[in-house]
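Colleague: Structure of the sequence below:
(chains A and B)
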Amino acid sequence: MPARSMRLSTFNSRIVGSSKLVGHAGMLRLIAISGVIAFGLYAALIEVWSPDVHAGQDQEADNAIAIERFLYDEPAPEAAIVGSSQAQHIPAAVFGPGIANLALAAESPLVGLTIIARSGRVPRRIYVETNQIAGPVDTGLIDGFFTEPGYTLKRFVKALRTTYQPANLLVSLARRAARGRDEIYYPKLADPALHDVLVAREQGLLNMPPNALLLESNLGEMKRLVDLLTAQGAEFVFFEMPIEPRFEQAAGVIAVRKAMHAAFPDDRACWYGGTPAGLPTTDGVHIDSEEAARFGQSLVQTVCQPTLAAEPPSRH
Amino acid sequence: MLFTEPVFAAFFAIAFCLYYLPPARRFQVPLLLVASFCFYAYGQPYLLLLLVISAAISAGASYAVLTSARPVAKRTWSIAGVALNLAILGFFKYGGLIDRSFFAGFGAADGTLGTLLSLPLPIGISFYTFHGISLIVDTFHSADAVATPTVRRPTLSQHLKHTLLYLTFFPQLVAGPIIKAHNFYPQIAPKRFDAIDWTGAVKALIVGYFLKRVVADNLRNATLLLSYPGLLTQSSGNLLILDFGYSICIFADFAGYSLIAIGLAKLLGYELPQNFNFPYIAESFSEFWTRWHMSLSSWLREYLYYPLGGNRRGAGRTYLNLMVVMCLGGLWHGAAWSYALWGGCHGLALVTERRIRGKRFDASPHLVVRVMRVAMVFGFVSLAWVFFKLPRITEATAFFVALAENWHLPFRAGPALVIVLYAAPVIAYHGWYLWRRAGAPKWQMAPRLEPIAYGVLASAILLNAGPLDAFIYFQF
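Modeller: Residues are numbered from 1 along each chain as shown, chains lettered A, B, ... in the order given. Sure thing, here's the model as predicted:
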């Protein structure tokens, strides 16, 4: 059977004949010019307007926006929080412009710490959420932000940043129109039955001891980064985000807590001692944004006195 | 290597330049072979061995068919070749599933069998084995199927070279479109730079990359909650929107990939078949399957449905054939029973449609009825995608239970808005086709606006691409 029996793509210009009007070269030139103009107009709009976007269309965009704000916003933040989605629930409004929340959903605190170290923008104080230190570290995510030429281009062309993607901008504007602000906001969960299902699932995960090798390796990397950044003038405050009261003594939680306190002893490192021994959560490990705001306000007022900052005995 | 990775752009640029260098013109096929091997070996080089073995089997069997004088020998060689291809596909793709389902994980024990069963799914195995089967069957039917413009009766080495190119041609190697042997071999000839269909290639690439990078990659994140147990927290309204978003996402992902493959092949002087033809405007399930993954539908029709008897042996046998083809077609997509269930759902829909063919609702040309038919087909197809997204049947069941029960939960407008935002270009894409098909009066400005539209789409790829992710169909 000959090749002509095959159904060809509608993008076959020999079938559609779409280039009759301007010819092939003319068509390609017009496409290129239109593309450059469209990009240029949007880039100019963003440069002139410079909208204030805190959160975007989804969790991954929220992470990217937090990282880009840390990397490119001027002036550089005086303090930063690194951690997981648990600390990400603390609303940005609590901190104000001087504190960057680099706690990232579904990521380890090591991601935030590595980004700080690689960027060279070292805040004076770094708050480290320690709940999720036992998980894998997404190095691909980190590398993605520092790959050239994107890393440098984004510094000069804001429109190339995830923060200013048209969809994120639209979502931010829609949120501002609907509730007056665009920050990440997690409401209380209104369905008790659903809460129980989610908590039961978390229980299964938290009752399992962490991967000892991975935990050891992560702690080693955290010590290295803490030493490196301390040498560059940063001061560290370690803290745990509150979780569901019934999980306080779960095997996984205890193991991580012990390992962290062994690696960063209370008499040498600064630990925030105000974490309540359990709070009602939406799913076992995440507190809602209002509760997180109260916790965050208390956290940022921590006075760092390593020898005095004591962990409540009941939590060890 | 993904078409969307920067490393692929560099790889293609080098391959393209070498391919059209005048001194290299005699070596275009070997150059494409080397490029295809590098493309496939990038990441998992050891799987190249399986690809080469599969290609050698297909080339050897088809050459034996080609050169055998006796019909019995031709038939024996073709059966052996097809069986070996199916055995490779069956072992490496379905070995684990069969082992878990029927032998309680016996093969997962130590030893060679356990090691082989634990290998990751060789990328593109479903595609290159289907290509191999097409080659053998086409050769059985006609020796001209493997003739090229310059070689009418190939020697073994020529046939091996052409077959390797047919099976490994990198634009379509890992996820199609599936091209039949009798459509590919006649294209194997020296290619000239000045014969490139630049406009067709650039348009296909722009739309393909837009669908993949802007629509699919963003919708993939926006529909992340369509996973267990996250879906339990969603209201019924949100679940419907999530399912709608996934429908658009899987279309944009696969249609985008296919268009990129078509565009790249055009740049190398080859034509690949159309794979999607605005599937979501289908008014019937049979029409849907002439618009969705057309190269697979066509392959299944030609190499499975017709040989089974098609619709020539009475109604009962036709229904049985439809169910067999759709269940196997479903299972072709993935090694899980939920894929067979997905295929079975479509088979059942096709059977039901045949039974009511010609009835009032089915035949009415009224616009409202036609819109209702499109909505019904789209709704069914979208709900059936749940078995794709959630391959564990218990999780798919949890989705349908939550859909029925979660009406009391509050509807979240934000995530729904994001899904609608990214679905809009796909809806417009289908609308544009409907507008043209309806013979609407021609708008004088339309041809002048066309390049501007492509330019805007190209800038959107730079401005609003989603997080880089693999193509959904790579897992098949």
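Colleague: Can you report how many residues neighbour the residue nearest to B:Leu156 when sequence neighbours are not counted?
Modeller: Leaving aside its sequence neighbours, B:Leu156 sits nearest to B:Tyr63 (CB to CB, 6 or more residues apart in numbering or on different chains; 5.6 Å). Every residue, glycine included, has its C-beta placed from N, CA and C. By the criterion of other CB atoms under 10 Å in any protein chain shown, B:Tyr63 has 22 neighbours.
Colleague: do the one 5 residues further on as well
Modeller: Residues near B:Ser68, counting by other CB under 10 Å, number 16.
Colleague: Got the domain ranges for chain B?
Modeller: B:6-195, B:198-475 (automatic domain parsing).
Colleague: check contacts around A:Ala159.
Modeller: A:39, A:42-43, A:45-47, B:463 (CB atoms under 8 Å, 6 or more residues apart in numbering or on different chains).
Colleague: Confirm A:Ala100 sits in a helix?
Modeller: No: judged by DSSP: H, G, I helix; E, B strand; the rest coil, A:Ala100 forms no part of a helix; its state is strand.
Colleague: any idea what sits nearest it, other than its immediate chain neighbours?
Modeller: A:Pro77 (4.0 Å).
Colleague: so what pLDDT did that neighbour get?
Modeller: pLDDT for A:Pro77: 91.
Colleague: Can you give me every residue that contacts the residue of chain B most remote from its centre?
Modeller: Centroid-distance maximum for chain B: B:His408 at 38.6 Å, with CA atoms, centre = their mean. By CB under 8 Å, 6+ apart, the contact list for B:His408 reads A:191, B:235.
Colleague: Please tell me how far it sits from A:Arg179.
Modeller: 23 Å (CB to CB, to the nearest Å).
Colleague: Show me what the host helix or strand of A:Gly144 is in contact with.
Modeller: Following DSSP states H and E, one finds A:Gly144 within helix A:139-146. The contact list for helix A:139-146 (CB under 8 Å, 6+ apart) reads A:63-64, A:67-68, A:71, A:107, A:111, A:114-115, A:118, A:151, B:468.
Colleague: Surely B:Ile260 and B:Leu205 touch.
Modeller: Yes: at 6.1 Å, B:Ile260 counts as touching B:Leu205 under the criterion of CB atoms under 8 Å.
Colleague: Compare the two (neighbour count), which wins?
Modeller: Under the criterion of other CB under 10 Å, the comparison of B:Ile260 against B:Leu205 puts B:Ile260 first, with 26 against 22.
Colleague: and the more buried one, what element?
Modeller: Using DSSP H and E, B:Ile260 falls in helix B:236-267.
Colleague: ok but A:Phe238 is inside a strand, no?
Modeller: Yes: judged by three-state DSSP, A:Phe238 forms part of a strand.
Colleague: Surely it touches A:Asn131?
Modeller: No: using CB under 8 Å, A:Phe238 makes no contact with A:Asn131, being 10.8 Å away.
Colleague: still on that earlier bit, now the domains of chain B as CSV including mean pLDDT?
Modeller: Listed next are the domains of chain B as CSV, based on pLDDT from 0 to 100:
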stretch, mean pLDDT
domain B:6-195, 87
domain B:198-475, 89
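Colleague: A:Ala234: which of those domains is closest?
Modeller: domain B:198-475 (29.5 Å; CB to CB).
Colleague: Can you get me the centre-to-centre distance for that closest one and its chain?
Modeller: 11 Å (CA atoms, centre = their mean, to the nearest Å).
Colleague: Report the buried residues of the helix or strand hosting B:Gly316.
Modeller: Element membership for B:Gly316, per DSSP H and E: helix B:315-333. Of the residues in helix B:315-333, B:318-323, B:325-327, B:329-333 count as buried by neighbour count, 16 or more other CB atoms under 10 Å in any protein chain shown.
Colleague: For the stretch 301-450 of chain B, which residues are neighbours of chain A?
Modeller: Taking CB under 8 Å from any CB of the partner chain, the part of the stretch 301-450 of chain B that reaches chain A is made up of B:408-410, B:413-415, B:417-418, B:421-422, B:447-448, B:450.
Colleague: Need those in a markdown table (columns: secondary structure).
Modeller: Shown next, in a markdown table, are those (three-state DSSP):
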| residue | secondary structure |
| --- | --- |
| B:His408 | helix |
| B:Leu409 | coil |
| B:Pro410 | coil |
| B:Ala413 | helix |
| B:Gly414 | helix |
| B:Pro415 | helix |
| B:Leu417 | helix |
| B:Val418 | helix |
| B:Leu421 | helix |
| B:Tyr422 | helix |
| B:Pro447 | helix |
| B:Arg448 | helix |
| B:Glu450 | helix |
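Colleague: Can you tell me the closest non-neighbouring residue to the residue most central in space within chain A?
Modeller: Taking CA atoms, centre = their mean, the centroid of chain A lies closest to A:Leu104, which sits 2.3 Å from it. Nearest non-adjacent residue to A:Leu104, counting by CB to CB, 6+ apart: A:Asn63, 4.4 Å away.
Colleague: residues contacting whichever residue of chain A sits closest to chain B?
Modeller: Proximity of chain A to chain B (CB to the nearest CB) peaks at A:Ser34, 2.4 Å away. Contacts for A:Ser34 (CB under 8 Å, 6+ apart) come out as B:451-456, B:458-459.
Colleague: helix or strand right after the helix or strand where B:Leu51 lies?
Modeller: Secondary structure from DSSP H and E places B:Leu51 in helix B:47-67. Note on helix B:47-67: by DSSP H and E, the next helix or strand toward the C-terminus is helix B:71-102.
Colleague: Could you report the distance from B:Gln396 to B:Leu341?
Modeller: You called it Gln, but residue B:396 is Ala. 8 Å.
Colleague: Likewise for A:Gly83?
Modeller: Computed with CB to CB, the distance linking A:Gly83 and B:Leu341 is 41 Å.
Colleague: Mind checking which of those two has more residues around it?
Modeller: Each of A:Gly83 and B:Leu341 has its neighbours counted (other CB under 10 Å); A:Gly83 has more, 29 against 17.
Colleague: sorry, back to before: what's the closest of the domains of chain B to A:Leu198?
Modeller: domain B:198-475 (6.8 Å).
Colleague: circling back to that earlier point, A:Val226: which of the contacts of A:Ala159 is nearest?
Modeller: Nearest to A:Val226 among those, with distances taken as CB to CB, is A:Ile46, at 36.4 Å.
Colleague: Verify the stated contact: the closest one with A:Thr163.
Modeller: No: using CB under 8 Å, A:Ile46 is not in contact with A:Thr163, being 9.3 Å away.
Colleague: Comparing those two, which residue is more hemmed in?
Modeller: A:Thr163 (27 against 21).
Colleague: The more buried one against A:Ala55, yeah?
Modeller: No: contact criterion CB under 8 Å: A:Thr163 and A:Ala55 do not qualify, at 9.8 Å.
Colleague: any shared contact partners between those two?
Modeller: A:Ile65.
Colleague: near chain A, which residues of the stretch 151-300 of chain B show up?
Modeller: Residues of the stretch 151-300 of chain B lying near chain A (CB under 8 Å from any CB): B:179-180, B:182-184, B:186-187, B:197-204, B:206-207, B:218, B:221-222, B:224, B:229, B:232-233, B:259, B:262-263, B:266, B:271-274, B:277, B:294.
Colleague: what sits in contact with each of B:Ala396 and B:Leu341?
Modeller: Common neighbours of B:Ala396 and B:Leu341 (CB under 8 Å, 6+ apart) are B:Phe387.
Colleague: Residue 65: how many residues sit nearby?
Modeller: Let's take chain A. Neighbours of A:Ile65 (other CB under 10 Å): 24.
Colleague: ah, no, chain B please
Modeller: B:Val65: 26 neighbours (other CB under 10 Å).
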